[in-house]
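Trainee: Please work out how this folds:
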Amino acid sequence: MNLTEKGITLFELLITISILGVVAAIGAPRVTQAFENIQKDQVLDDVRYIEQSARTYCSRSINDCEIGDVLSAEDLAEYMHAIDQTYNLSVKRVGRTSYGVYYAKAGEFSFPFDEKGQLLSKEFSPTSSSRNHVNTASASSIPESPGDPAVFPDWESGTFGVGDRVSYNDRVFEIRDESGIYVSPDESNLQTYGPFQEVEINNEFRVFNTYEAGDEVNFQGATYEMRHEGGNGVYPDQSYAWQEQTVEWRYYNVYESGDVILHNGDQYEALHYTEGVEPGTPEAAGVWQNLSTEEWDSNNIYHSGDVVLYEGIEYEAQWWTQGDNPAENSGSWQVWQIVE
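Mentor: Next comes the predicted model:
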């Protein structure tokens, strides 16, 4: 029996085989791509898990974990499980609640790398990233051990694009706009809203860097958070646009109603928005409430039922009062009544 008896010519058979071959050729890359995406998803899941483990580690007071510190796999071993231990791993604490994760192995899908396989930065957080920041890393782009600095190419005019990180005079800069492609990052070209941002500096403040609300920096041993962009180009201890992250009162900090701080050993609560008013001074009347003493304080505001001590005697407020001396304003129809 020949093929024509079944209604299929040799020509038709060849056409059918060709079509199947094309379909197979088209289908193969899709399968490969899907497999790659699964691998990338796994890596991204791993680094997000690592980030959460670092957050748990640093939340415990027994662990020394300052902003700028680099944590190793050994530091986090108690807090994480079920990740590929053959990967080169480190985590940098880059803010109060933000962490940059570095998780890489030559020839494998790794984080954080761009589509060209170039290392982005070990300060890159998986929280705000996607599968696009996972790629196969080359051996030359991976530091030899966790904590080693990333290696960036030397700046060269016309060679790089916006967003690229480059090395210049042993410092690392990110190109912020197109002028930085052709103008070098020397001191004369470093200014706020300028073409360059210095990076890989453990969040150390740079007066020429450009920051956004919520950014945290280290300055003179303290951590500051930017409240609004008015803090750009201004040192953090000289502007209300920066907020030092401390429980101690600072004249350059801004406080909202309910904020509690320490000053000269006493604890105070802000009664409303305030800036520059020192607790415990005459100007603080009605602004700061001293929470650390039972003694009557002329600056404090008292409400009906509040009890204070004055010269060893207890007095109870009958209604809202401020600045009324209990000894001079007690008795019938007075704001203060002696507690019997």
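
Trainee: low-confidence ranges in the stretch 151-300 of the chain?
Mentor: The stretch 151-300 of the chain contains residues with pLDDT under 70 at 151.

Trainee: Helices of that one, start to end?
Mentor: For the stretch 151-300 of the chain, the helices defined by DSSP state H, counting those that start in this stretch cover 179-182.

Trainee: Next: the stretch 1-150 of the chain.
Mentor: Secondary structure of the stretch 1-150 of the chain by DSSP H, counting those that start in this stretch: the helices cover 10-58, 73-76.

Trainee: worst average pLDDT in the ones you listed?
Mentor: Among those, helix 10-58 carries the lowest mean pLDDT, a mean of 69.

Trainee: Look at the closest residue to Trp319 other than its chain neighbours and report its pLDDT.
Mentor: Of all residues not flanking Trp319 in the chain, Ser304 sits nearest, at 5.2 Å (CB to CB, 6 or more residues apart in numbering). C-beta coordinates here come from the backbone N, C-alpha and C atoms, glycine included. At Ser304, the model reports a pLDDT of 93.

Trainee: and Ser304, which of the three is it?
Mentor: Following DSSP: H, G, I helix; E, B strand; the rest coil, Ser304 is assigned to coil.

Trainee: For Gly180, give me its contacts.
Mentor: Counting by CB atoms under 8 Å, 6 or more residues apart in numbering, Gly180 touches 162, 173, 189, 194-196.

Trainee: what's near enough to touch the nearest residue to Glu200 once chain neighbours are set aside?
Mentor: Residue nearest to Glu200 in three dimensions, not counting chain neighbours: Val172, with 4.1 Å by CB to CB, 6+ apart. Residues in contact with Val172 (CB under 8 Å, 6+ apart) are 150, 152, 165-166, 198-201.

Trainee: before we move on, the earlier item: can I have the buried ones of the contacts of Gly180 as a ChimeraX selection?
Mentor: A single ChimeraX command selects the buried members of these (16 or more other CB atoms under 10 Å):
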select :173,194,195,196
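
Trainee: Now for Glu283: which residues touch it?
Mentor: With CB under 8 Å, 6+ apart, Glu283 has these contacts: Val277.

Trainee: rewinding a little: beta partners of the residue nearest to Glu200?
Mentor: Beta bridges link Val172 to Ser167, Val199, judged by DSSP bridges.

Trainee: gap between it and Asp164?
Mentor: For Val172, the distance to Asp164 equals 11 Å [CB to CB, to the nearest Å].

Trainee: and if you look at Tyr315?
Mentor: Taken as CB to CB, the span from Tyr315 to Asp164 is 69 Å.

Trainee: for the stretch 201-340 of the chain, what spans make up the strands?
Mentor: 216-219, 222-226, 242-244, 254-255, 260-263, 266-270, 274-275, 288-290, 301-302, 307-310, 313-317, 321-322, 336-338 (DSSP state E, counting those that start in this stretch).

Trainee: And for the fifth one, what's in contact with it?
Mentor: In other words, strand 260-263. Contacts for strand 260-263 (CB under 8 Å, 6+ apart): 247-249, 255, 267-270, 278-280, 291.

Trainee: at 6 Å instead, please
Mentor: With CB atoms under 6 Å, 6 or more residues apart in numbering as the test, strand 260-263 has contacts from 247-249, 268-269, 279.

Trainee: Report the two of those separated the most.
Mentor: Based on CB to CB, the longest span within the contacts of strand 260-263 runs between Glu248 and Glu269 and measures 14.6 Å.

Trainee: Surely Phe205 and Val217 touch.
Mentor: Yes. Taking contacts as CB atoms under 6 Å, Phe205 lies within contact range of Val217: 4.1 Å.

Trainee: on that earlier part again, higher neighbour count, Tyr315 and Asp164?
Mentor: Ranked by neighbour count (other CB atoms under 10 Å), Tyr315 and Asp164 place Tyr315 first, with 24 against 18.

Trainee: and the more buried one, how far is that from Ala284?
Mentor: 22 Å.

Trainee: Repeat that for Tyr302.
Mentor: Tyr302 sits 15 Å away from Ala284, going by CB to CB.

Trainee: next one: Ile50
Mentor: Separation of Ile50 from Ala284 (CB to CB) stands at 46 Å.

Trainee: If you count surrounding residues, which of the two has more?
Mentor: More neighbours surround Ile50 than the other of Ile50 and Ala284, with 26 against 21 (other CB under 10 Å).

Trainee: For that one, which residues are in contact?
Mentor: Counting by CB under 6 Å, 6+ apart, Ile50 has contacts Val101.
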